[in-house]
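how would this look folded up:
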Amino acid sequence: MAKVKKVDHIAIAVKSIDESRSWFEQVYGAQYLGQKENVEQQYIVAYFLMGESLITMLEGTTPESFVTQHIEKRGEGIQHVGVEVDDLDEFLAKAKELGARVSAERTLDGIRKEALISPKSAFGIILQPIEWLGELSSEPHHERIIKAGGL
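Just a heads-up that it's a prediction; the model follows:
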């Protein structure tokens, strides 16, 4: 049976990465790893290492962005939690069998397979199960992001 190995990352929706970054660094001692823009999905993602945990900040770049819409509906805060699973296909099959609403299934060639589980199926939070592929599967999570994200 497929299982969750660990929390991969926590993604926080913010109105402004620039304004939120200094708080993360000064209060939490977060180490900024870099950021990049996803033009297609209309958001910017910034990566932070907090101790051994990876935290991402998401900022919408248009009113239509899922991040902007999330903030309008729910305010700033946790947008989703990414969890590493050992076998995404098996994990999703079981989730669907139990009635979970699954969307956005995709494979990023040579990097990872991922999907989204609706907050209605995951206790009020969007869950993003991820299976890392190839050599990235054995890398520490922050190193994966640097290599996979081109930071």
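
could you say what helices and strands the helix or strand of the chain with the lowest mean pLDDT packs with?
Here the helix or strand of the chain ranked lowest by mean pLDDT, DSSP states H and E is helix 141-149, holding a mean of 76. Judged by 3 or more Cβ pairs under 8 Å, 6 or more residues apart in numbering; DSSP states H and E, the packing partners of helix 141-149 are strand 4-13, strand 31-38, strand 43-50, strand 53-60. Just so you know, the C-beta spots here come from the backbone N, C-alpha and C atoms, and that holds for glycine as well.

So which residues make contact with it?
For helix 141-149, the surrounding residues in contact (Cβ atoms under 8 Å, 6 or more residues apart in numbering) are 8-9, 33-34, 36, 47, 49, 54, 84, 108, 111-112, 132, 136, 139, 151.

ok, those vs Lys73, which is closest?
Relative to Lys73, the closest of the contacts of helix 141-149 is His9; by Cβ to Cβ it sits at 21.6 Å.

Look up which residues are beta-bridged to that closest one.
Counting by DSSP bridges, His9 is bridged to Gly82.

still on that earlier bit, select, out of the helices and strands packed on helix 141-149, the one closest to Glu19.
Of the helices and strands packed on helix 141-149, nearest to Glu19 by Cβ to Cβ is strand 53-60, at 9.6 Å.

Below-threshold pLDDT in this structure: ranges please.
The model of the chain has pLDDT under 70 over residues 150-151.

go with 90
For the chain, the stretches with pLDDT under 90 are 1-3, 51-52, 108-111, 121-123, 134-151.
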